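**Student:** Quick one, fold the following:
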Amino acid sequence: QLQLVESGGRLVQAGDSLRLSCLVSGRGRTFSATSMGWFRQAPGQEREFVAVIHPKGANIDYSDSAKGRFIVSRDDVKNTAYLQMNNLRREDSAIYYCACHITSLKYTARSSWSYWGQGTQVTVSS
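**Tutor:** Numbers count the residues shown, from 1 in each chain. Now for the predicted structure:
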């Protein structure tokens, strides 16, 4: 069983940058061998895919809204994944979740991920 803990969310202004972290702990899987994903959920909306980074950072992908502004990375020594968010917009306001251990190739689907964190709130004011 793995535990994921996100941190770094807070209130920022439009145009600001923010870095989220996701610390993974527990037994059963080697962090370096697992894919890590970031999702977000705004009030009244479905949880949506933001970014994914596969083992060794060999493959990375982003949602259209994140491309060019967000950067996903990982530190396999610290068992931590990061989401650097730049030029934040009001529409980026949401609870951000990290996930690990993907069970299918469809990494944009919430159902493809086995473990989730509790989320961290990001609020962007104009």
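**Student:** what helix or strand is G44 on?
**Tutor:** Following DSSP states H and E, one finds G44 outside all helices and strands.
**Student:** That one: neighbouring residues, count only.
**Tutor:** 5 (other C-beta atoms under 10 Å). All C-beta spots, glycine's among them, are computed from the backbone N, C-alpha and C.
**Student:** Tell me how far the most centrally placed residue in the chain lies from R47.
**Tutor:** Nearest residue to the geometric centre of the chain (C-alpha atoms, centre = their mean): W38, 2.2 Å. According to C-beta to C-beta, to the nearest Å, W38 stands 11 Å off from R47.
**Student:** Over to V12?
**Tutor:** Distance of V12 to R47, given as C-beta to C-beta: 21 Å.
**Student:** What of S65?
**Tutor:** Here the criterion is C-beta to C-beta. By it, S65 lies 14 Å from R47.
**Student:** next one: Y115
**Tutor:** Distance from Y115 to R47, by C-beta to C-beta: 14 Å.
**Student:** Please apply the same query to S7.
**Tutor:** 19 Å.
**Student:** who has more neighbours, these two?
**Tutor:** Using other C-beta under 10 Å as the criterion, S7 and R47 rank with R47 on top: 16 against 13.
**Student:** what's that one in contact with, if anything?
**Tutor:** For R47, the contact set (C-beta atoms under 8 Å, 6 or more residues apart in numbering) comprises F39, R40, Q41, Y97, R110.
**Student:** ok, now Q3?
**Tutor:** V24, S25, G26, Y115.
**Student:** Show me what it is bridged to.
**Tutor:** Beta-bridge pairing of Q3 under DSSP bridges involves S25.
**Student:** What backbone torsions are found at D76?
**Tutor:** phi -70, psi -20 (degrees, to the nearest 10).
**Student:** Enumerate the positions of stretch 25-43 that are buried.
**Tutor:** F31, T34, S35, M36, G37, W38, F39, R40 (16 or more other C-beta atoms under 10 Å).
**Student:** From V50, how far off is the fifth one?
**Tutor:** Right, G37. Going from G37 to V50 by C-beta to C-beta gives 8 Å.
**Student:** still on that earlier bit, need the residues touching each of S65 and R47.
**Tutor:** With contacts taken as C-beta under 8 Å, 6+ apart, S65 and R47 have no neighbour in common.
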